[in-house]
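**Student:** Could you look at this predicted model? Sequence included:
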Amino acid sequence: MASSNSAIGHLLRRAGFGGRPDEYGYYGQMSTSQAVDALVNYDSVADDVDANIGKPGFLTTTSNGAFSPNTVVNDARQRWVFRMVHSNRPLQEKMTLFWHNHFATGYQKIAGATSAADGTRYMAAKSSEDTNHVRGQIEMLRDNALGNFRDILMNIAKDTAMLYWLDGRTNTKAKPQENFAREIMELFTVGVGNYTEPDVYAGARVFTGWNLARSSDGVQQYAYVAAQHETTAKTFSFAVYGDGGKTIPARSAADGMRDGEDFINGLAGNPMTARYLAGKLWKYFVSEFRSAPQAWITRIANTYLANQYEMKPVIREVLLSSEFWDPSSYWARYAWPVEFVVRAIKEVGWNGFSTNNTLTPLSNMGQVLFEPPDVAGWDAGQTWFATGAMLARMNFASTLAGNQKFNLATTAKNAGQGKSAASMQAYFLDQLSTAPLDSSVTAELSSYMTATGAWTGSDAQMQAKSSGLVHLIAGLPEYQLC
């Protein structure tokens, strides 16, 4: 199933997390352009996946007490893994992960400044479920996954978790705090080399007074504190306004919030922001094995600017580009731990498997959701594959395959694949998506299938060999690419 349509498989690995059998069936009926449109226009698909948590036929969850993803961080992590596996809006989840890394924010610091429950709430709460109607950062990013980048920037500047993470809550006119001003330029918009140190200090003064205040219902929320805003003019080395103006004028404290709004508008519209985002999208969606052609960067950047920073047409252009579909782009990304885990679950199966069983393995692989290592996010690429991290991937493949051995054997037998070791091997190589395998690798797999004696197709042999073979395939280096 996984390799029956290489084009759709490529698209689902990049615009999602691989494909469940039903996803291959759904998107496999479409042309690639139709499939891209279906993925991008996910608003037409009901976002009801969370209602399936706890229902038969889906991944299970394991919690200490009632499942509470709005206040217990491990439950929040489980909910996100559940969504990645079962959502019918895969591109929304893939872009949410992209933004989580782009605006990297760590739960531990926020929990340390508040509480474990509030730290989870500010990171992950759904406003429709939270008693105080808090919308956590991840939910904001999910709601805006293909929205307007300027809106995302404005939301992130006022986000409670971010105001804790980069110390915006302490940014006052007496002591301007530079952390957010630096990162909004260096990591979120124009990138290194496109701003100066004086820009950082001016940016810090722009956001003075963008603080937090406790609401009547007891939660911390963004508040513009006029008395803490530094009112003088702020001049930058780049244009802030469309007419080329580089200076945000002096304003009264009461009107000072406009400083931050003007600055964000200027950053969102900066041509270097467009190119910086295009470069990140190339690595995330197209290839980590070769550099983006400048013509591609220019085309994607122009799409961003021409559409007034709307991300939907940008991502559609990325996914329809000839560079995305070039054969050299297939299998040209290193799967992040969560991409590896979710794809394996989709392809191997999940009946009776708990999302909780992914959390420790993900940590051992180097990725904890809601806990990027620092403000720069995860250092992706080959760095995922330290010896211990690769062993963790192999161990997870073993755990999942062992858990699913009865289901694997049954589905293979029902598909008529128990007649020979060769047919079993071919069947599971089709079910699991790998980069092209060298003949020596397939020969080693064949040796495993017959290592314990002649093939009989008995139930015990089917269970043992199907589980073992799936473990070996999912542990291959070729399975770590996507």
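**Tutor:** That came through fine. Note that the coordinates shown come from a computational prediction; the quantities given were computed from them, not determined experimentally.
**Student:** mind listing the helices for the stretch 251-400 of the chain?
**Tutor:** Assigned helices in the stretch 251-400 of the chain, in chain order: 257-268, 271-281, 294-306, 311-320, 322-325, 337-348, 359-365, 387-403 (criterion: DSSP state H, counting those that start in this stretch).
**Student:** so which of these is the most packed in?
**Tutor:** Among the helices of the stretch 251-400 of the chain, judged by mean count of other Cβ atoms under 10 Å, the one packed with the most neighbours on average is helix 337-348 (a mean of 25). (Each C-beta comes from the backbone N, C-alpha and C, glycine too.)
**Student:** Tell me where the model's unsure across this structure.
**Tutor:** Across the chain, residues meeting the criterion (pLDDT under 70) sit at 1-5.
**Student:** give the contact list for L408.
**Tutor:** Shown in contact with L408 (Cβ atoms under 8 Å, 6 or more residues apart in numbering): 348-349, 401, 428, 463, 466-467, 470.
**Student:** ditto for A117
**Tutor:** Under the criterion of Cβ under 8 Å, 6+ apart, the contact partners of A117 comprise 71-72.
**Student:** nearest residue to the residue nearest the centre of the chain other than its sequence neighbours?
**Tutor:** Within the chain, one residue has its C-alpha closest to the average C-alpha position: by Cα atoms, centre = their mean, that is L97, at 1.5 Å. Taking Cβ to Cβ, 6 or more residues apart in numbering, and ignoring the residues beside it in sequence, L97 has V338 as its nearest neighbour in space, at 7.0 Å.
**Student:** go on, T232?
**Tutor:** Nearest residue to T232 in three dimensions, chain neighbours excluded: A250, at 5.3 Å (Cβ to Cβ, 6+ apart).
**Student:** before we move on, what about N265?
**Tutor:** Going by Cβ to Cβ, 6+ apart, N265 has R150 as its nearest residue, at 6.4 Å.
**Student:** Give me the distance between that neighbour and D37.
**Tutor:** Here the distance between R150 and D37 works out to 24 Å (Cβ to Cβ, to the nearest Å).
**Student:** now Y448
**Tutor:** Counting by Cβ to Cβ, the gap between Y448 and D37 amounts to 42 Å.
**Student:** Now for the nearest residue to A253 once chain neighbours are set aside: which residues touch it?
**Tutor:** The spatially closest residue to A253, leaving aside those adjacent along the chain, is A226, at 4.2 Å (Cβ to Cβ, 6+ apart). A226 makes contact with 209, 253-254, 256-257, according to Cβ under 8 Å, 6+ apart.
**Student:** Ok, A295 next?
**Tutor:** No contacts exist for A295 under Cβ under 8 Å, 6+ apart.
**Student:** hang on, the earlier thing: so can I have TSV of the helices of the stretch 251-400 of the chain showing distance to W455?
**Tutor:** Shown next, in TSV, are the helices of the stretch 251-400 of the chain (distance: least, Cβ to Cβ, whole Å):
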stretch	distance to W455
helix 257-268	62
helix 271-281	47
helix 294-306	49
helix 311-320	43
helix 322-325	40
helix 337-348	22
helix 359-365	32
helix 387-403	19
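**Student:** Count the residues that sit near the nearest residue to Y27 once chain neighbours are set aside.
**Tutor:** Nearest residue to Y27, sequence neighbours excluded (Cβ to Cβ, 6+ apart): A35, at 4.6 Å. Residues near A35, counting by other Cβ atoms under 10 Å, number 21.
**Student:** so which helix or strand takes in A35?
**Tutor:** Assignment of secondary structure by DSSP states H and E places A35 within helix 32-40.
**Student:** that older thread, so which of the contacts of L408 wins on neighbours?
**Tutor:** In terms of neighbours by other Cβ under 10 Å, those top out with S466 at 28 neighbours.
**Student:** my guess is it contacts M424, does it?
**Tutor:** Yes: with contacts defined as Cβ atoms under 8 Å, S466 counts as touching M424 at a distance of 6.8 Å.
**Student:** Give me the common contacts of the two.
**Tutor:** In the contact map built from Cβ under 8 Å, 6+ apart, the residues linked to both S466 and M424 are A412.
**Student:** Who has more neighbours out of R150 and D37?
**Tutor:** Just comparing R150 and D37: by other Cβ under 10 Å the higher neighbour count belongs to R150, 19 against 14.
**Student:** pretty sure that one contacts A268?
**Tutor:** Yes: in terms of Cβ under 8 Å, R150 counts as a neighbour of A268; the distance is 3.7 Å.
**Student:** Overlap of the contact sets of the two?
**Tutor:** With contacts taken as Cβ under 8 Å, 6+ apart, the residues that reach both R150 and A268 are Y309.
**Student:** so how far is L39 from K312?
**Tutor:** Between K312 and L39 the distance is 11 Å, computed by Cβ to Cβ.
**Student:** Could you do P198 as well?
**Tutor:** Computed as Cβ to Cβ, the P198 to L39 distance reads 43 Å.
**Student:** Comparing those two, which residue is more hemmed in?
**Tutor:** More neighbours surround L39 than the other of P198 and L39, with 25 against 12 (other Cβ under 10 Å).
**Student:** I figured L305 was touching M272, is that so?
**Tutor:** No: L305 lies out of contact with M272 (Cβ under 8 Å); the separation is 11.1 Å.
**Student:** Find the residue closest to V200 in space, skipping its chain neighbours.
**Tutor:** Of all residues apart from its sequence neighbours, R182 sits closest to V200 (Cβ to Cβ, 6+ apart), at 4.8 Å.
**Student:** How many residues are close by Q108?
**Tutor:** 13.
**Student:** isn't there a strand covering it?
**Tutor:** No: remark: Q108 does not belong to a strand; assigned using DSSP: H, G, I helix; E, B strand; the rest coil, it is helix.
**Student:** these two touch, right, it and E371?
**Tutor:** Yes: using Cβ under 8 Å, Q108 is in contact with E371, at 6.4 Å.
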